[in-house]
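A.B. asks: from the sequence below, what's the structure:
(2 chains)
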Amino acid sequence: MLAVVVPSLWKMISPQSLLLLSRLAAGDLEALGEFYDLYAGLVNGLALRILRDASDAEDVVQEVFVQAWRQASRFDASRGTPEAWLCTMARTRALDKLRRKVSRREDPEESAPAPTATPKSAEAIAVRKALGGLSADQRRALELAYYEGLTQTEIAARLGEPLGTVKTRIRTAMIRLREVLGPLPS
Amino acid sequence: MSEERFLELAPLAALGALDGEDLRAFDETLRSSMLCCAELAAFELVAARIPMALDPVAPPAGLREQVLAAVAPAGYGRATAPPRSWLFPTLAAAAAVILGLGYVLVRVERDAARRDAAGARSGLEALGQELTKAQIEMATLRKDLARERAVRELVSHPDSRVARLAGLPAAPKATARIVWIPESREAVLVVTGLGPAPAGKAYEVWVIAHAAPVPAGVFQVAADGSAVFHLPVVDDTARVRTFAVTLEPEAGTLAPTGPMVLAGGAGSS
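C.D. replies: All right, here's what the predicted structure looks like:
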């Protein structure tokens, strides 16, 4: 697919992250430790949100950082930030694990853990505010897609709503987020 | 799948939520349209920001070491000491070996350090090249997105009007629409099914309000026969009766000289 860059994307990637990634690509083990220190909390938070199980989340964190170590040379800064790269890997692995659990009838808990701390970064504040601006129905549909990996048909079945309604909710929510969040903060 | 339909599905695709016929049709369209790729990528960036709202949760303390151990080469960071009873003989032997091989070891270390430095430099150079490449793509994409945004704004403007242009015998498969706002004279032409102009030629748009057609810019079509063209502001657009497109020399002309390929009345929609 075409590599695409949002105009301010480069501003979002810190020189520290780029340098760390270049050191990772060169096989610098100390750099992996620093990279882990920077992002392990983010990856673990996402894995926990999807899996609701600390042990499973721990597995995902380990797998993601091993994958980052092996694939650092393939990181494409034109496709997103290191955070987004790690979160994409974490989401994919966590959703795979979640689907295996569900297929074994180990259903995850229904309720999402509530945020427990005030977010510190400008990005976290902006995204949380943008999500808070959505209607409860839109946010629920969006979360089922992102954090549970459900398709539009599965979401419609889960919510007992018509497929068209679900599609409209998700589309409206994403367009709203795009409008509100705008370009990435510098 | 129409572009409009694609744009409706792009937000769902960015979340991986499409399935069934929507997913199949979306994937087919994605392969053929740069604009669609750009739209999907923009929504993927939005999706990637969703987890940034979560609170970071520190993993268990020992996990860091497990990660490092999982990727470390065998023996990395594990210095082993020989049993004390062997210490003196071993040291003596080692000293002799070190003295004998010292120069070689220093050279090996130096060469290894140089290789590491070269590797790091090469990594940075690769990142620099990626940066340049991405910046070029960024400039192209910004242009495309600005164009797309302008078209959308124009189409959604309450005073916008639409004219349908039909393909004439010189281009029977061509169709086009012009969306314009009489007051501001802004106008966009969207063409499909028009063959690429021969070398040295281009298509020229004409605004006809009175007797004489007024030139409104030249454009080329893509290999698939499509084009989206922003017309320059022309006074006669406010009172236009007919839009037309002819094949002309590449630089354009002040009056039509070539075959007319598309035409349509301003009240045709």
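A.B. asks: quick one: name whatever helix or strand follows the worst-scoring helix or strand of chain B on mean pLDDT.
C.D. replies: Lowest on mean pLDDT, DSSP states H and E among the helices and strands of chain B sits helix B:87-156, with a mean of 66. Sequence-wise, the next helix or strand downstream of helix B:87-156 (DSSP states H and E) is strand B:161-167.
A.B. asks: which positions in that next one come out as buried?
C.D. replies: Neighbour counts over strand B:161-167 (16 or more other Cβ atoms under 10 Å in any protein chain shown) mark B:Ala163, B:Leu165, B:Gly167 as buried. C-betas here are computed from N, CA, C, even on glycine.
A.B. asks: same thing with stretch B:187-199?
C.D. replies: Using 16+ other Cβ under 10 Å as the test for burial, stretch B:187-199 gives B:Ala187, B:Val188, B:Leu189, B:Val190, B:Val191, B:Thr192, B:Gly193, B:Leu194, B:Ala197.
A.B. asks: can you check stretch A:25-37 too?
C.D. replies: Going by neighbour count (16+ other Cβ under 10 Å), the buried part of stretch A:25-37 is A:Ala25, A:Ala26, A:Gly27, A:Asp28, A:Ala31, A:Leu32, A:Gly33, A:Phe35, A:Tyr36.
A.B. asks: just stretch B:126-137 next, same as before
C.D. replies: Within stretch B:126-137, judged by 16+ other Cβ under 10 Å, the buried ones are B:Leu127, B:Glu130, B:Leu131, B:Ala134, B:Glu137.
A.B. asks: repeat for stretch B:166-177
C.D. replies: B:Gly167, B:Leu168, B:Ala170, B:Ala171, B:Ala174, B:Thr175, B:Ala176, B:Arg177.
A.B. asks: with the buried residues of stretch B:187-199 in mind, which one is nearest to B:Ala14?
C.D. replies: The nearest member of the buried residues of stretch B:187-199 to B:Ala14, counting by Cβ to Cβ, is B:Val190 at 25.0 Å.
A.B. asks: the strand or helix carrying that closest one packs against which elements?
C.D. replies: Assigning secondary structure by DSSP H and E places B:Val190 in strand B:186-192. Packing contacts for strand B:186-192, counted by 3 or more Cβ pairs under 8 Å, 6 or more residues apart in numbering or on different chains; DSSP states H and E, involve helix B:87-156, strand B:175-181, strand B:227-231, strand B:242-249.
A.B. asks: name the residues that touch that strand?
C.D. replies: B:150-151, B:154, B:174-181, B:205, B:216, B:219, B:221, B:225-231, B:233-234, B:237, B:243, B:245, B:262 (Cβ atoms under 8 Å, 6 or more residues apart in numbering or on different chains).
A.B. asks: where does chain A dip in pLDDT?
C.D. replies: Filtered on pLDDT under 70, chain A yields the residue ranges A:1-14, A:78, A:103-120, A:183-186.
A.B. asks: what are the contacting residues of stretch B:58-78?
C.D. replies: The contact list for stretch B:58-78, computed with Cβ under 8 Å, 6+ apart, reads A:29, A:32-33, A:36-37, A:40-41, A:44, A:54, A:57-58, A:61-62, A:65-66, A:69-70.
A.B. asks: of those residues, which are in range of chain B?
C.D. replies: Restricting the contacts of stretch B:58-78 to those near chain B by Cβ under 8 Å from any Cβ of the partner chain leaves A:29, A:32-33, A:36-37, A:40-41, A:44, A:54, A:57-58, A:61-62, A:65-66, A:69-70.
A.B. asks: write the PyMOL selection for whichever of these are buried.
C.D. replies: Buried residues within these, by 16+ other Cβ under 10 Å, are selected in PyMOL with:
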select buried, chain A and resi 32+33+36+40+41+44+57+58+61+62+65+66+69
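A.B. asks: which of the ones next to chain B among the contacts of stretch B:58-78 fall in strands?
C.D. replies: Nothing among these maps onto strands, per DSSP state E.
A.B. asks: what residues does the stretch 51-200 of chain B have near chain A?
C.D. replies: Taking Cβ under 8 Å from any Cβ as the criterion, the stretch 51-200 of chain B approaches chain A at residues B:51-60, B:63-64, B:66-68, B:70-72, B:76, B:116, B:119-120, B:122-124, B:126-127, B:130-131, B:133-135, B:137-138, B:141-142.
A.B. asks: which among the residues you listed count as buried?
C.D. replies: B:51-57, B:59, B:63-64, B:67-68, B:71, B:119-120, B:123-124, B:127, B:130-131, B:134, B:137-138, B:141.
A.B. asks: what's near enough to touch the residue located most distally from the centre of chain A?
C.D. replies: Most distant residue from the mean C-alpha position of chain A: A:Pro162, 27.1 Å away (Cα atoms, centre = their mean). Taking Cβ under 8 Å, 6+ apart, we find A:Pro162 in contact with A:Ala156.
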